[in-house]
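In: give me a 3D structure for the following:
(chains A, B and C)
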Amino acid sequence: MLESLESWSWALDGWIIAAGALCAAASALLGPYLVLRKMSMMGDAISHAVLPGIAIAFLVTESRASLPMFIGAAIVGLLTAIFTEWIRRFGKVDEGASMGVVFTGLFALGLVLVVQAADKVDLDPGCVLYGAIELTPLDTTTVLGYDVPRVVITLGAVALLNLTCVLLFYKELKITSFDPALATTLGISSRLMHYLLMTLVAITAVASFEAVGNILVVAMLIVPAAAAYMLTDRLSVMIFLSVIIGIASAALGHLSAIMVPAIFGFGSTITAGMMALSAGVLFVVAALCGPRHGIIIKLIQRRRFAAKCLGAPH
Amino acid sequence: MLNNHSIPARTRGADHSPESPLSIHDLTVAYDRKPVLWDVDLEVSAGKLIGIVGPNGAGKSTLIKAVLDLLPRASGHVNIFGKSYKESRARVGYVPQRESVDWDFPVSALDVVAMGRYRKIGWCRPVTRSHKNAAMEALDRVGIANLAHRQISQLSGGQQQRAFLARALVQDADLYLMDEPFAAVDAATETAIVGLLQNLRERGKTCLIVHHDLQTVREYFDEVILMNMRVVAHGPTETTFTEENLRKTYGGKLTLLGEAAEANARQSAGKH
Amino acid sequence: MPDNPRENTDRIYLFVCFDPMPLLRKIILSLMLWLLAVSGSPLSAALGHDHPTATRYESITDRSFAWPTVDEWVRVLTLRDYNTRVVLVGTTLLGIAAGILGCFTLLRKRALMGDALSHATLPGIGIAFMLAVMTGGTGKSLPILLLGAAVSGVLGLAMILLIRNLTRLKEDTALGIILSVFFGAGVAVLGVVQSMGKGHAAGLESFINGKTASMVASDAQLIACVAALVVFFCVALFKEFRLICFDAEYAKSQGWPTILLDVVMMSLVIVVTVIGLQAVGLILIIALLIVPAAAARFWTERLVVMLMIAGLLGAASSLIGASLSALLPNFPSGAMIVLTATVFFLISMFLGAERGVFIRWANRWKFEQKVRRQHLLRAVFELVEGDEIGAGTPAYPISFQDLLAMRSWSARRLSREVGRAVRDGLIIETYAADRKINFTQQGFREAALVVRQHRLWELYLITHADIAPSHVDRDADTIEHVLGPDMMAELEALLFTTGVPASPHKVETQALPGH
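Out: Have a look, this model is predicted:
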């Protein structure tokens, strides 16, 4: 198994892990809010729905330049949140269904546009789904005299943006996640915070697009945050743990992508997939062994409690 | 396995009559590590209207749900008419709290009441005319037959409560368990429900009702159970609904204690 | 007009007597059984034989957009083309099944379960493929792949339930976790497959993305079987599903195995998803499970009707979408079907008969108009009443300014309201020194009625304060119907004697005063 690591090169694999870790960190900063607001599936919806934004950016600029893509995606991400809210409020449709209607419609629109744009710009559908993080080190620009992959820079910038927003708006995000009605009466617009969060999610989704593709953004958004939620009761700790777990999943994912298939005699596999799987494994561990909310702990407590009931003298 | 010698005879239910509508032994229910019901031991006699009162969070709803097997029990067991709940299910009618349901659902009042007959109809069979007629009769008994085909969100709170009641009535059960049927209903509905309950009592049915309004306990119920995580007192209203028992149940939290005492005084003054 | 509730009941009994549902049920059930039994040969006969086709439907290189000719329209719409026929039949049947099943998942508030489960099937497909290839097959055998997908889907469902029940996480988080982690695992398996050799992965990917346009007869037959199965279960278990969607706890207390029923429902979702996945792709099947059902909700308050409309909308979206895709090159069929469904949804949301946005706005606007009219009439009447008038003739016109002072309305709104009343022939405006307003005969009559209603209600609310709220229902016009003749007589007597406020006889009589 360890022979598969012989071709390890820090110049290549290091950057891959860095890209993955930054993607995970950027997503994991926002994840706890999504989980607490019961908006986990919104992450999935937005990452599907950004497709038309990107397609329009392609059609308009006729290139794969980053900035128009981000703008297009941010706008569409925001629209997804707005349309979902409209349908839920005016149509009185269940929240999940509203999301479903909006993102499938937008995704279909995006597909149509992408097919139109396909011969102008080269788009590989596989790449759309699961990214191509392995190619990260090949596309570099020079920063301060060092060769840094473009994706790492983009993801680093987005991670920084998310960190800034989370720090700046810490208490606003906290109160609007917990009690939006109260927040509004205190003058903190819940709606504004909601849309801010959704825009950040959209931007993160697009930035991660190239690294891990559009489905796996959801993994990075939700799973580390869920794992952290099983381990702590404090929001700040939850955010911190979420980032740590995310970075760990990224590292673990890349390592296992190389090593695990070798056990069965295959070549290495897609890193993004293994990153999501690693996050899942870490979640299961946290869910089982969490010190206060873990399943094993609760089982033991219940047994002890039942025994206490039966044995206690009256 | 239980060591019989470590449990006093009382909780073995030796003195609970085998045919009583509801017989609870040593019931304990907990959420996570917090006990909500502790060591509840009760026997209910047939043909009575019994109110359950206690402060918020005292476990009244939990008691009903635990009896109906809707919540897991940490210990204890429940006998209904001498058998387990599973076997006596057809003889028990349940009226849950109104908030438990999404009232925007596309069903009419008649459909809701007919749901009480589904068990009798059985798997995969349709709801035939005879069952719909029975549902209609039940709606008539609660006084909203004219609203049978209205979608339920267009009913007022009191009418919704009556529909729920009709759903339990249509089963023609012998024991009725009701969770706060008088909560947030108008006075007319409240009067109608009380009339219905008295009618049930005359027919020998037993009703166990979670109640929130101390003012009306003496008027409505033959027996009362005072609960605060455990049974504080249980017996005929006359003798059990006393200031001392109320103090033991509500502790210092009872701001209504004074009002309840006034109500008591008024009632007993009115009686003499 | 029935003023006895008993009479109403009799009417309803009459209505209940003729109940088409059991008969309809029997017909549908028999149809389904027949379809299940014989779906093989009739379907292939209907689909006809394989003719080579002239048109290709997914030409990516051809960016020209040309409106299809009339000939092409006719050819597509009359199903003369074999490929089109297959695609239309297959997707339409899928649309019906997904639409009907989607109603239950929507009402159970599990609309996105289809999304999660469809993503969760990926690792199963990949592993099944690998196992098949490693044991010597080509790996593209449909039953094996579908089995793998189903196993994976069921595993995903089990994990969702476990997470939801055993941890403090809510259902949406559980869905998100399973969706992404299982999909990630699937992608990893896909990566391994890719490294197994060329050509293998391509077939697998097209399985995942779906190739609607290249659907073959056997695909359509499989869809037909599945659709029949789904509809059969939905009809047979109609009342059970309705019960757990409405009040799961009550169902449990009644002894219904709610978990089993939930599992059956979700298993149907898995089956539809798995079949739909390989036929039409991931996004399309999710959309078909959600959008037609959500659209149908706007048109009715009855569950049976909702199911039928959802099935219809699902079929229509597929039919129209697939036809459009066949006609216009470069528009993928899956996407066109989803877009059509979305358009139907938007139309339903705005125009839906029972719950559509426009309808609700229109109703509310009409109601507000009525309220404003009544306020105007009452205000004018009360002003007129205040004057010393003889035997019932409102002789003196009242001034606009006095009217303005009666309530908190703006001058502009008031004059608009007055103008409307003038157009309806209830009020006359004269422009003497300042604006004067007076009733017409008809206006006076209507105002008298409105004022009487209002005063009777007020009296009722005062004298019967405790039970009033439950009776204040809908329109004031129906006060006689709501309260019954005895109560009416009592109130009118009270009105007459107490005169709240002091009112001359003419309020009670509806006879026309001479003008």
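In: worst-scoring helix or strand of the chain, pLDDT-wise?
Out: Since you didn't name a chain, this refers to chain A. Ranked by mean pLDDT, DSSP states H and E, the weakest helix or strand in chain A is helix A:125-130, scoring a mean of 55.
In: so which residues of the stretch 301-450 of chain C form helices?
Out: Applying DSSP state H, counting those that start in this stretch to the stretch 301-450 of chain C gives helices spanning C:303-327, C:333-351, C:357-386, C:400-406, C:411-423, C:441-463.
In: helices or strands up against the first one?
Out: Meaning helix C:303-327. Applying 3 or more CB pairs under 8 Å, 6 or more residues apart in numbering or on different chains; DSSP states H and E, one finds that helix C:303-327 contacts helix C:70-77, helix C:82-107, helix C:282-297, helix C:333-351. Yep, even glycine has a C-beta here, placed from its N, CA and C like the rest.
In: and the angle from it to helix C:333-351?
Out: 140 degrees (axes from the mean of the first three to the mean of the last three CA atoms, to 10 degrees).
In: ok so, going back, could I get the helices of the stretch 301-450 of chain C as CSV with distance to C:Ile144, mean pLDDT and mean neighbour count?
Out: What follows is those, written out as CSV (distance: least, CB to CB, whole Å; pLDDT from 0 to 100; neighbours: other CB atoms under 10 Å in any protein chain shown):
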stretch, distance to C:Ile144, mean pLDDT, mean neighbour count
helix C:303-327, 27, 92, 23
helix C:333-351, 24, 92, 23
helix C:357-386, 48, 82, 16
helix C:400-406, 81, 78, 16
helix C:411-423, 73, 85, 15
helix C:441-463, 73, 78, 18
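In: check contacts around the nearest residue to C:Arg373 once chain neighbours are set aside.
Out: In space, and not counting its chain neighbours, C:Arg373 is closest to C:Ala421: 6.9 Å by CB to CB, 6 or more residues apart in numbering or on different chains. C:Ala421 makes contact with C:373, C:376-377, C:427, C:443 under the criterion CB atoms under 8 Å, 6 or more residues apart in numbering or on different chains.
In: now do the contacts for C:Thr342.
Out: Neighbours of C:Thr342 in contact, by CB under 8 Å, 6+ apart: A:101, A:104-105, A:108, C:287, C:291.
In: returning to that earlier point: deepest-packed of the helices and strands packed on helix C:303-327, please.
Out: Comparing the helices and strands packed on helix C:303-327 by mean neighbour count (mean count of other CB atoms under 10 Å in any protein chain shown), helix C:282-297 ranks first with a mean of 30.
In: re the thing from before, how about the helices of the stretch 301-450 of chain C in JSON lines, adding distance to C:Gly184?
Out: Putting the helices of the stretch 301-450 of chain C into JSON lines (distance: least, CB to CB, whole Å) gives the following:
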{"stretch": "helix C:303-327", "distance to C:Gly184": "31"}
{"stretch": "helix C:333-351", "distance to C:Gly184": "23"}
{"stretch": "helix C:357-386", "distance to C:Gly184": "40"}
{"stretch": "helix C:400-406", "distance to C:Gly184": "70"}
{"stretch": "helix C:411-423", "distance to C:Gly184": "61"}
{"stretch": "helix C:441-463", "distance to C:Gly184": "64"}
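In: wasn't B:Ile50 part of a strand?
Out: Yes - assigned with DSSP: H, G, I helix; E, B strand; the rest coil, B:Ile50 falls within a strand.
In: any idea how far B:Tyr176 is from it?
Out: 10 Å (CB to CB, to the nearest Å).
In: any regions of the chain where pLDDT drops low?
Out: Let's take chain A. A:1-5, A:62-65, A:117-139, A:141-146, A:210-211, A:214-215, A:310-314 (pLDDT under 70).
In: oops, chain C please
Out: For chain C (pLDDT under 70), the answer is C:1-80, C:137-140, C:197-213, C:386-396, C:432-434, C:461-485, C:497-515.
In: ok, now with 80
Out: C:1-84, C:133-143, C:194-216, C:219, C:277-283, C:329-330, C:353-355, C:383-409, C:427-436, C:453-515 (pLDDT under 80).
In: give the residues shared as contacts by B:Ile50 and B:Tyr176.
Out: Joint contacts of B:Ile50 and B:Tyr176 (CB under 8 Å, 6+ apart) are B:206-209.
In: most neighbours among these, which one is it?
Out: B:Cys207 (28 neighbours; other CB atoms under 10 Å in any protein chain shown).
In: and residue 115, how many neighbours?
Out: You didn't say which chain, so I picked chain A. Applying other CB under 10 Å, I find that A:Val115 has 19 neighbouring residues.
In: my question was about chain B, not that one.
Out: 21.
In: also C:Glu354?
Out: 15.
In: wait, isn't it in contact with C:Phe298?
Out: Yes - between C:Glu354 and C:Phe298 a contact is recorded at 6.8 Å, counting by CB atoms under 8 Å.
In: ok so, going back, now the helices and strands packed on helix C:303-327 as JSON lines including distance to C:Leu403?
Out: Output for the helices and strands packed on helix C:303-327, formatted as JSON lines (distance: least, CB to CB, whole Å):
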{"stretch": "helix C:70-77", "distance to C:Leu403": "63"}
{"stretch": "helix C:82-107", "distance to C:Leu403": "51"}
{"stretch": "helix C:282-297", "distance to C:Leu403": "45"}
{"stretch": "helix C:333-351", "distance to C:Leu403": "38"}
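In: so for C:Val264, which of the ones you listed sits nearest?
Out: Closest of the helices and strands packed on helix C:303-327 to C:Val264 is helix C:82-107, at 10.4 Å (criterion: CB to CB).
In: after the closest one, next one along is what?
Out: Scanning forward in sequence from helix C:82-107 by DSSP states H and E, the next helix or strand is helix C:113-120.
In: near chain A at all, that following helix?
Out: Yes - using CB under 8 Å from any CB of the partner chain, we find that helix C:113-120 touches chain A at C:115, C:119.
In: can you check stretch B:78-98 too?
Out: No - taking CB under 8 Å from any CB as the criterion, stretch B:78-98 and chain A are apart, separated by no less than 15.4 Å.
In: mind listing what's buried in that stretch?
Out: B:78-81, B:85, B:88-89, B:91-98 (16 or more other CB atoms under 10 Å in any protein chain shown).
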